[in-house]
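# Kindly generate the corresponding structure for this input.
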Amino acid sequence: MPPPLSATIISLYDRHADTWHRRRSPHASLEEAWLTRFSAGLPDGASVLDLGCGTGQPMGRWLAQQGFAITGVDSSAAMLAHARALLPTQEWVQGDMRALALGRRFAGVLAWDSFFHLNHEDQRAMFPVFAAHAAPGAMLMFTSGPSHGEAIGEFEGEPLFHASLAPEEYRRLLGAHGFEVLDFVPEDPACGFHSIWLARRLT
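Numbering: from 1, shown residues only. Take a look at the predicted model:
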C-alpha cells in the first residue's frame, strides 16, 4: 500500500528543490503586507523561527533584510542547501517541525506555506510546538485553508497534499495554548488567496 500523500511532502521537496527555488520569487511583493504586520509586533533585531523555511526566499530573505535574526527549520536537506547559500549568516536547522524542541523561545514564529502540508492530527499537535518556541508577546503567523478539509495540488507532475482545520478549531487551539487571534483573512485576494492567521502569545 502506498504511503498517504501527507507523508510524501518531504521527499517531493527534496527531489524538486532546485525547481522550487528557481520558480519562487526572491521578492516578497505578494506577502509583504502580511510580513509588515507580523514584523511590526517584533522588537528591532528580534529572533524569528521560520518553520518550513524552504529555500529561504522570499520570507526569510525579507525578514533578514529588515534586520531580524532568522532560525529556519526544514526537513528537506536540498531546500536548506539553497537557504544556506542565499543567507549564510542566518541559522538553518534540518528537522521535522512536528518533533521540534530547540529549547529556546523566539519573538516571532512563522509557518508560511508549510504548516498546511500537515494532516489534521499533525496540525493539532503543532500548537504545543508553537507555544514552546514562542516568547511572551511573540507574534505567530501561519497559512491554512479557509475551512476544514483536504486539497491536493500539483508540483512537477506530482500530487501535493494540503489540509486545513475549521477556523473555529484553529481559534480554540490558539486560545488553549496562550495565543490571542489578531486577524484571520480567508483567501485574501491581495495575497494570492492565501488564508492567513496572525496571533500573539499572551504569556
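
# In the longest helix along the chain, which of the residues would be classed as buried?
Using DSSP state H to define each element, the chain has its longest helix at helix 120-133. Using 16 or more other C-beta atoms under 10 Å as the test for burial, helix 120-133 gives 123, 126-127, 129-131, 133. In short, each C-beta sits where N, CA and C put it, glycine included.

# How far away from the center of its chain is the worst-scoring helix or strand of the chain on mean pLDDT?
Within the chain, confidence by mean pLDDT, DSSP states H and E is lowest for helix 9-15 among all helices and strands, at a mean of 78. Centre-to-centre, helix 9-15 and its host chain are 16 Å apart (C-alpha atoms, centre = their mean, to the nearest Å).

# Following the chain onward from it, which element is next?
Counting by DSSP states H and E, the next helix or strand C-terminal to helix 9-15 is helix 17-23.

# which other helices and strands contact the following helix or strand past that next one?
Remark: after helix 17-23, the chain's next helix or strand is helix 32-40, criterion DSSP H and E. When contacts are defined as 3 or more C-beta pairs under 8 Å, 6 or more residues apart in numbering; DSSP states H and E, helix 32-40 packs onto helix 59-65, strand 106-111, strand 134-144, strand 194-201.

# Give the residue spans of this structure that score low on pLDDT.
Judged by pLDDT under 70, the chain has its weakly predicted residues at 1-3.

# can you pull the contacts of the spatially most central residue of it?
Taking C-alpha atoms, centre = their mean as the criterion, Ala111 is the residue nearest the geometric centre of the chain, at 1.5 Å. Ala111 is in contact with 50-52, 97, 126, 130, 141-143, counting by C-beta atoms under 8 Å, 6 or more residues apart in numbering.

# Please tell me which one of those counts the most neighbours.
Greatest neighbour count in those, by other C-beta atoms under 10 Å, goes to Asp50: 29 neighbours.

# Please work out how many residues are found near Ala99.
9.

# Show me what stretch 6-26 is in contact with.
By C-beta under 8 Å, 6+ apart, stretch 6-26 touches 54-55, 57-58, 61, 75-79, 81-82, 96, 117-119, 122, 155-156, 158-161, 163.

# that older thread, beta partners for the residue nearest to the centre of the chain?
Listed by DSSP bridges, the beta-bridge partners for Ala111 are Phe142.

# any idea how far it is from Ala199?
11 Å (C-beta to C-beta, to the nearest Å).

# Could you name every residue contacting both of these two?
The contact sets of Ala111 and Ala199 overlap at Met141 (C-beta under 8 Å, 6+ apart).

# returning to what we had before: out of the helices and strands packed on helix 32-40, which is the most enclosed?
Scoring the helices and strands packed on helix 32-40 by mean neighbour count under mean count of other C-beta atoms under 10 Å gives strand 106-111 as the most buried, with a mean of 25.
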